[in-house]
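> Task: produce atomic coordinates for the following.
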Amino acid sequence: MIKNKAMIMNLRWVLLVSGLISLIFGVAVYRTLPADAHDISMLMGMFSGLGGAFLTVGAVGLVMSIRMTPEQKRQMEIDQKDERNVVICGKAYKVSGIVTSICFAVTSFVMVAMGNRFTAYLCIGGMYVQIISMAIAQLYYQKKM
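I've put the predicted structure just below:
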């Protein structure tokens, strides 16, 4: 279990550092762009926003793990290993996977209706990747258990 705790702490640090790098990159490149580079400006805004989100999630996770008492840590471990919570989490992931597939399909139909076939192909490709990865994961865990 110690390895798992270290991995979670490392993930928080990775989120914090990569978020800071992405945020700085997005802002720095945006400031050097010409006024008519709207597409690249939007992309740099996405880098900045994603970087800010990663930075916030990493920082909040680190602060919470530092301020957590040993009793709270022990209770969190018990809650994570509880079979009922594991089943609930699995069902929630399955529902979110199905909803994501439906969203990809609806978005691809909307993009075709708007005449934007390339984006529709990207949505369909994303849907296939999501469905195939879910099927592979299901087969893997069925064999493992």
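> any weak-confidence spans in this structure?
Residues of the chain that meet the criterion pLDDT under 70 lie in 1-5.
> Repeat the analysis, applying 80 as the threshold.
For the chain, applying pLDDT under 80 flags the ranges 1-9, 76-77, 79-82, 145.
> Sketch out the helices for it, chain order is fine.
Assignment of helices within the chain using DSSP state H yields the ranges 2-32, 38-67, 70-81, 83-113, 117-144.
> Tell me what angle the second one forms with helix 70-81.
Here the directions of helix 38-67 and helix 70-81 differ by 120 degrees (axes from the mean of the first three to the mean of the last three C-alpha atoms, to 10 degrees).
> Serialize the helices of the chain to TSV and add fields for mean neighbour count.
Where C-beta positions appear, they are placed from N, C-alpha and C, glycine not excepted. Converted to TSV, those look like this (neighbours: other C-beta atoms under 10 Å):
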stretch	mean neighbour count
helix 2-32	14
helix 38-67	14
helix 70-81	11
helix 83-113	13
helix 117-144	12
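> Would you map out the domains in this protein?
Here the domain parsing of the chain from automatic domain parsing is 1-81, 82-145.
> Just the endpoints, please. Distance across the last one?
So that's domain 82-145. With C-alpha to C-alpha, to the nearest Å applied, domain 82-145 spans 17 Å between its terminal residues.
> residues touching the closest residue to residue 27 other than its chain neighbours, list them.
Of all residues not flanking residue 27 in the chain, residue 48 sits nearest, at 5.6 Å (C-beta to C-beta, 6 or more residues apart in numbering). Contacts of residue 48 were listed using C-beta atoms under 8 Å, 6 or more residues apart in numbering, and they are 22-23, 26-27, 30.
> again with residue 18
Per C-beta under 8 Å, 6+ apart, neighbours of residue 18: 51, 54.
> got the contact list for the residue nearest to the spatial centre of the chain?
Closest to where the C-alpha atoms of the chain average out (C-alpha atoms, centre = their mean) is residue 54, at 9.6 Å. Residues counted as contacts of residue 54 (C-beta under 8 Å, 6+ apart) are 15-16, 18-19, 22.
> Distance check, it against residue 126.
For residue 54, the distance to residue 126 (C-beta to C-beta, to the nearest Å) stands at 21 Å.
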